[in-house]
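A.B. asks: heads up, no residue letters with this:
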């Protein structure tokens, strides 16, 4: 009976696990230094949690099931609904702002392809309770803080920033009906992946008036906030003006935070999820051959939609799949650095035959190894009954920093300690060695 | 729309998450120092993976579902089948012994009760490729190494050790037919939870011969390996003798490893899972009010059962739920220690009004906080426009080690750095502070 793994999932052998840990440890480290606290929810929730606000794409990709009580459940495809549920449950006792992060394991029933798997890990950071673009800027800063930390430069990646509020104000000003926004957002979100003619044709279907459609197209192709007035002339204090000021303030704050070179205004960014209400952004590789590395934005209505009070919120999500591809492409995943070192490899040359099976008793190696481990040091011995040369080779392949050799000198309570980098050896008393290691 | 969490799952708010991280970080630390490398598999596998070898209890508690391709899948209730699959897949390239650990999230459709939830984390360690009781002893040592590390003494917990091989040899010697072993194992595994009369009645059903049944009962109640001969007289070199010698050697090795005081021989230990073949053990609290804290044993046939070659293996699993209850009961979970410290809290007293909403611009605090974070330090500022006193209070509630106060002196490029523990303040130049922190 040989059963294969399920397509679109990953087996993390030790080398792959080291890479996963390196990525996730970085996410955690940067979250903590940016003042976020870690949380997590269950891997499954009630199915309806994910059917209402997540957007069609996610709702279609659910792994759902019934438990024996007939409850409809689903494996989480994202953690934001869980976040909303958890915050709502304790809304009166949580001090604000709520700055939380999580690294959930998520599952989506997608067709597996480059950078998209059916199971992945996603870094999430959220600031809840702050109705200030400074919070949006802080979320973007934290995102860049991580990417810069692992070695990605502003020539490698860009954060493309836009605003749902701005887009809504512009569409209203252009004359597009509110009822059409959602389907138009979905189309705009796919623009980068569509041939220009296909996009124009689909846009014409949704906005039949050619002049209006042209304005929408012209707007989403702008490169600067200052050019918006050329496409949609607006008045001081109007909705468009307000949204532009907020957008400009976000970019100004990112400059103050010294990540301005990573950030660009890009009104074609819309985000697929249905719940965004303000600033939205996506991180892309500059070459543009990969899917978005991460993205997020403001979602001021979500907590209310999940049965809580109206509380402003903004956040970001970044999966591990596309990120890992990019880090490998840029040579930033030095897997040799990820290899664990061993403090000690203990070799016993005083072995005696224990029984007729040829199994060797290495009591002293076993005893000393256990002592070292209990002192908090990583230590190993060999299960193979081999001579010194072979055991030193095994120690070396295990990346041992030092070998402790139990030989003839052990009669006098002495051991040989060999430094594996320099090859230097010294004779030490066992009790002195242990005393030294304990201190 | 207010949706509750699913019964039997946990929401990890930051305080609970800190406890979970503390437990899991300990498992990882002790695994690494004992020479285990981390691996992980997918959260779901083909359903049949878990139906064949896991034992009836687990097979009945699966969360199973179909994907859109009609494949029968299940969320993993344990990771050992995945381990067997992964090892078999790369059996020719993996250097032996394979010493791996994992901390999988697992789900079982159980009735939630004390120490049993429908979703939990389980520490797993396994040594594959070593047909030597030393490997079993090393697995037990590693288990105790963790429990001792977090402060549990041999008065708090005991590892109860037995052997399926010994049990099988004794049952054969007593005259019980091999076909009855599996159902008898299941009964013996439940013995501790059953009233004595109920156990006797159920035993009589399976072993109608009263003398035989009495021998079985007497055997599982023994306290010492040396007493076995009183219940079932055996010959040198017989199966019983071999199994006893292996058992005695395991206990001797645990003494050498200096964890003998944590270990006792207990032939009533059988383990519920169907795949054990040799040494088996369970960790119990001495008071005996909780379920097993962890357990494991040798499973020499499992890799073969999963389509691979015959390779010996031994391992251990320990869930987080019972462990956490015990650690709390013993006062070993000092949650205040788990609270994250903040290196710096930055207070800007030179704020200027940015707009008519009363939102304050704290550009300098924002700039400095971003700088500190980029240097790898944890830093925060306040979103509330408050005076010095209130901000110091917020810094204190955030567990900040130092406050940096941007005040009038900032005109001259100087800042006040306040040590929150001693209350001491000093005036420092910004660039000198940054130079110092960078080094």
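C.D. replies: Here it is on my side, so go on. Since the structure is predicted, the reported quantities are computational estimates derived from the model, not experimental observations.

A.B. asks: quick check, the residue in the stretch 151-300 of chain A closest to chain B?
C.D. replies: Of all residues in the stretch 151-300 of chain A, residue A:257 sits closest to chain B, at 3.8 Å by Cβ to the nearest Cβ. For the C-beta atoms, the positions are set from N, CA and C on the backbone; glycine is no exception.

A.B. asks: look up how far residue B:368 lies from that residue.
C.D. replies: Distance check for residue A:257 against residue B:368: by Cβ to Cβ, to the nearest Å, it reads 10 Å.

A.B. asks: ok, now which ones touch the residue of the stretch 151-300 of chain A closest to chain B?
C.D. replies: Contact analysis of residue A:257 by Cβ atoms under 8 Å, 6 or more residues apart in numbering or on different chains lists A:137, A:141, B:366-367, B:370.

A.B. asks: CSV for those residues, including pLDDT?
C.D. replies: Below are the contacts of residue A:257 laid out as CSV (pLDDT from 0 to 100):
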residue, pLDDT
A:137, 97
A:141, 98
B:366, 93
B:367, 94
B:370, 96
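
A.B. asks: which of the residues you listed lies closest to residue A:28?
C.D. replies: residue A:141 (17.0 Å; Cβ to Cβ).

A.B. asks: what is the burial count for that closest one?
C.D. replies: The number of residues packed near residue A:141 is 27, by other Cβ atoms under 10 Å in any protein chain shown.

A.B. asks: that one contacts residue A:254, doesn't it?
C.D. replies: Yes: if you go by Cβ atoms under 8 Å, residue A:141 and residue A:254 touch, sitting 6.6 Å apart.

A.B. asks: can you pull up the most central residue in chain A?
C.D. replies: Chain A has residue A:123 as the residue nearest its centroid, 3.2 Å off, counting by Cα atoms, centre = their mean.

A.B. asks: gap between the residue of the stretch 151-300 of chain A closest to chain B and residue A:392?
C.D. replies: According to Cβ to Cβ, residue A:257 and residue A:392 sit 52 Å apart.

A.B. asks: paired strands for the longest strand belonging to chain A, with orientation please.
C.D. replies: Once chain A is assigned using DSSP state E, the strand that runs over the most residues is strand A:119-128. As defined by DSSP bridges, the strand partners of strand A:119-128 come to strand A:98-102 (antiparallel), strand A:105-107 (antiparallel), strand A:313-319 (antiparallel).

A.B. asks: so where's chain A uncertain?
C.D. replies: For chain A, the stretches with pLDDT under 70 are A:54-56, A:337, A:351-361.

A.B. asks: before we move on, the earlier item: the residue nearest to the centre of chain A and residue A:293 touch, don't they?
C.D. replies: No: the pair residue A:123 and residue A:293 fails to qualify as a contact (Cβ under 8 Å) at a distance of 10.5 Å.

A.B. asks: now the common contact residues for the two.
C.D. replies: residue A:318.

A.B. asks: what about whatever residue of the stretch 251-400 of chain A ends up closest to chain B, how many residues nearby?
C.D. replies: As assessed by Cβ to the nearest Cβ, chain B sits closest to residue A:307 within the stretch 251-400 of chain A, at 3.1 Å. For residue A:307, the count of nearby residues is 13 (other Cβ under 10 Å).

A.B. asks: regarding it, what is its secondary structure?
C.D. replies: What DSSP: H, G, I helix; E, B strand; the rest coil gives for residue A:307 is coil.

A.B. asks: how much space between it and residue A:89?
C.D. replies: 10 Å.

A.B. asks: kindly report the same for residue A:402.
C.D. replies: 52 Å.

A.B. asks: equivalent analysis for residue A:370, please.
C.D. replies: 46 Å.

A.B. asks: have a look at these two and say which one is more surrounded.
C.D. replies: Set residue A:370 next to residue A:89 and count neighbours by other Cβ under 10 Å: residue A:370 wins out with 26 against 18.

A.B. asks: which residues touch that one?
C.D. replies: So residue A:370 contacts B:141, B:145, B:256-259 (Cβ under 8 Å, 6+ apart).

A.B. asks: sec struct for it, please.
C.D. replies: Per three-state DSSP, residue A:370 ends up helix.

A.B. asks: not counting its neighbours along the chain, what's nearest it?
C.D. replies: In space, and not counting its chain neighbours, residue A:370 is closest to residue B:257: 3.8 Å by Cβ to Cβ, 6 or more residues apart in numbering or on different chains.

A.B. asks: would you agree residue A:75 is in contact with residue A:107?
C.D. replies: Yes: with contact defined as Cβ under 8 Å, residue A:75 counts as touching residue A:107 (4.4 Å).

A.B. asks: what's around residue A:341, how many residues?
C.D. replies: Using other Cβ under 10 Å, residue A:341 is surrounded by 11 other residues.

A.B. asks: roughly how far apart are the closest residue to it other than its chain neighbours and residue A:378?
C.D. replies: Counting by Cβ to Cβ, 6+ apart, residue A:399 is the residue found nearest to residue A:341 once chain neighbours are left out, at 5.1 Å. Look at residue A:399 and residue A:378: by Cβ to Cβ, they are 10 Å apart.

A.B. asks: mind listing the shared neighbours of the two?
C.D. replies: Common neighbours of residue A:399 and residue A:378, using Cβ under 8 Å, 6+ apart, are A:340-342.

A.B. asks: just put these in CSV and tack on secondary structure.
C.D. replies: Shown next, in CSV, are the shared contacts of residue A:399 and residue A:378 (three-state DSSP):
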residue, secondary structure
A:340, coil
A:341, coil
A:342, strand
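
A.B. asks: which neighbouring elements make contact with the helix or strand hosting residue A:428?
C.D. replies: Applying DSSP states H and E as the criterion places residue A:428 in strand A:425-429. Applying 3 or more Cβ pairs under 8 Å, 6 or more residues apart in numbering or on different chains; DSSP states H and E, we find strand A:425-429 packed against strand A:414-419.

A.B. asks: relative to strand A:425-429, how tilted is the strand it packs on?
C.D. replies: Relative orientation of strand A:414-419 versus strand A:425-429 (axes from the mean of the first three to the mean of the last three Cα atoms, to 10 degrees): 140 degrees.

A.B. asks: picking up where we left off before, state the pair within the contacts of residue A:370 that is farthest apart.
C.D. replies: Spatial extent of the contacts of residue A:370 (Cβ to Cβ) is set by the pair B:145 and B:256 at 14.0 Å.

A.B. asks: circling back: looking at the strands paired with strand A:119-128, which is closest to residue A:194?
C.D. replies: strand A:313-319 (22.5 Å).

A.B. asks: and the closest one, what's buried?
C.D. replies: Across strand A:313-319, burial judged by 16 or more other Cβ atoms under 10 Å in any protein chain shown covers A:313-319.

A.B. asks: show me the beta-bridge partners of the residue lying closest to residue A:427 once chain neighbours are set aside.
C.D. replies: Using Cβ to Cβ, 6+ apart and skipping the chain neighbours, the partner closest in space to residue A:427 is residue A:414 (5.3 Å). Assessed by DSSP bridges, residue A:414 has beta-bridge partners residue A:429.

A.B. asks: list the contacts for residue A:414?
C.D. replies: A:427-430.

A.B. asks: for it, give its distance to chain B.
C.D. replies: From residue A:414 across to chain B, the span is 20 Å (Cβ to the nearest Cβ, to the nearest Å).

A.B. asks: residue A:21 now?
C.D. replies: Counting by Cβ to the nearest Cβ - residue A:21 and chain B are separated by 7 Å.

A.B. asks: residue B:37 is in contact with that residue, correct?
C.D. replies: No: Residue A:21 sits out of contact with residue B:37 when judged by Cβ under 8 Å, with a separation of 11.0 Å.
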